[in-house]
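In: Have a look; sequence and predicted model below, questions after that.
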Amino acid sequence: MKTIFSALLLVLSLMSQSQNQQTNNNFQVEFNPENSTLSFHDSANQFGFEGLSAVIHTTKVSFSTSENGFVWEKTVLQQFIDSLGTGNSLIVGGYSRKIKMGVNFHLNVYDSLPGLTIEVSFTNRSSDDLNVYSVEPIHATGSESGIITTTNFTKALLNAAMYYDAGSIHTLGTPFIKGTPSGETKGGKMHENELSGNTETVESWWN
């Protein structure tokens, strides 16, 4: 009976927060059901992102979790433990009607660390194979109401295409030059469409 009672207290404690947000002393992460996007910001409102979505590109079609054809199925608050410590997760999941692809976001805030992690997983729910060549786990553009708020950031650390290519440090406010992979990328490639006409648009490989 003690174990059951403890579990009930845990559920009541979690449900006392909004089902669409998770907060600690350092960060707040939130799902906005009105436009199907995610956001997070620090407690001092000095750094944050709004209008976050995920985008996946196949050889036949691309889709975003913020478009009308994406169906959100769940928002869950739960505790977690990993190699960095303990914390609380906001888990948001759904699927695309267009290609029957399931997507789950895990936005994790830690109890004792001034940081957060974002995990995005994709699951093929159809009976057919999907040829995926590019995934954007975090996608935010001005044309889709994506906003980054910051008061003192001047540079961005960007991944290269593969482990044998060095990443780069981009100075914000200067034109962005897209890097070229020096070798095989195992079928992956950067999406070719320009995200915006602004030369300061920044893209980073995720590997």
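Out: That came through fine. Numbering: from 1, shown residues only.

In: where do the helices sit along this structure?
Out: 2-15 (DSSP state H).

In: Next, the contact list for the residue nearest the centre of it, please.
Out: Closest residue to the average C-alpha location of the chain: Ile138 at 3.9 Å, with Cα atoms, centre = their mean. Each residue near Ile138 by Cβ atoms under 8 Å, 6 or more residues apart in numbering is listed here: 49, 52, 54, 118, 120. Using the backbone N, CA and C atoms, a C-beta is placed for each residue, glycine as well.

In: Thought His139 was touching the second one, still the case?
Out: Yes: assessed by Cβ atoms under 8 Å, Leu52 is found in contact with His139 at 7.0 Å.

In: more neighbours, those two?
Out: Leu52 (25 against 20; other Cβ atoms under 10 Å).

In: Need the nearest residue in space to that one, chain neighbours excluded.
Out: Spatially, and ignoring its direct neighbours in sequence, Leu52 is nearest to Leu38 (4.3 Å; Cβ to Cβ, 6 or more residues apart in numbering).

In: hey, what's Ile148 bridged with?
Out: Applying DSSP bridges to Ile148 gives these bridge partners: Phe49.

In: where's the residue nearest to the centre of the chain relative to Val202, distance?
Out: Applying Cβ to Cβ, to the nearest Å, the value for Ile138 to Val202 is 12 Å.

In: State the distance from the residue nearest to Ser134 when sequence neighbours are not counted to Ser112.
Out: Nearest residue to Ser134, sequence neighbours excluded (Cβ to Cβ, 6+ apart): His57, at 4.1 Å. The spacing between His57 and Ser112, counted by Cβ to Cβ, is 38 Å.

In: which of those two has more neighbours?
Out: For the pair His57 and Ser112, the greater number of neighbours falls to His57 (19 against 11), based on other Cβ under 10 Å.

In: contacting residues around that one?
Out: His57 neighbours (Cβ under 8 Å, 6+ apart): 132-136, 191.
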